[in-house]
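Engineer: Below is the structure, and that's it, no one-letter string:
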């Protein structure tokens, strides 16, 4: 009788305790995703939303190009559109002159 009871108990399925889900990897890039992103104009002509920093990297020809990183569409790097008319002005060219100093007449 004891053997039959023992065999019956051992044949019953054992319920497994629920396991905790695996932790997400804590990468610096994953933390950036939680923060806000920014819209950029891609070289392909589309607007893209990216979370990472804008970087300047060499392209296949060796020229430097600006790219947005960690974009919402899953791309790690997206080349950005660079307009020649919207480039930053040269700080040495067209330097603004200081206005002449006006002296006040002493009041008597």
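Structural biologist: Okay, I see it. Keep in mind that this is a model prediction, so the values were computed, not measured.

Engineer: Quick one: find the helix or strand in the chain with the lowest mean pLDDT.
Structural biologist: Ranking every helix and strand in the chain by mean pLDDT, DSSP states H and E puts helix 28-34 at the bottom, with a mean of 49.

Engineer: Please enumerate the strands of this structure.
Structural biologist: Using DSSP state E, the strands of the chain run over 38-41, 47-50, 54-58, 64-69, 77-79.

Engineer: Show me what counts as buried in the second one.
Structural biologist: When you say that, I think you mean strand 47-50. For strand 47-50, the neighbour count (16 or more other CB atoms under 10 Å) marks 48, 50 as buried. All C-beta atoms are positioned from the backbone trio N, CA, C, and that covers glycine.

Engineer: what pLDDT, on average, does it get?
Structural biologist: Here strand 47-50 scores 94 as its mean pLDDT.

Engineer: tell me what that strand is packed against?
Structural biologist: Packing partners of strand 47-50 (3 or more CB pairs under 8 Å, 6 or more residues apart in numbering; DSSP states H and E): strand 38-41, strand 64-69.

Engineer: Nearest to residue 83, out of those strands?
Structural biologist: strand 38-41 (8.7 Å; CB to CB).

Engineer: Pull the residues that contact that closest one.
Structural biologist: 47, 48, 49, 50, 54, 68, 78, 80, 81 (CB atoms under 8 Å, 6 or more residues apart in numbering).

Engineer: now residue 77, nearest residue through space, not along the chain?
Structural biologist: The shortest distance from residue 77 to any non-neighbouring residue, by CB to CB, 6 or more residues apart in numbering, is to residue 67 (4.7 Å).

Engineer: didn't the one you found look like it was pressed against residue 81?
Structural biologist: No: between residue 67 and residue 81 there is no contact under CB atoms under 8 Å: 11.1 Å.
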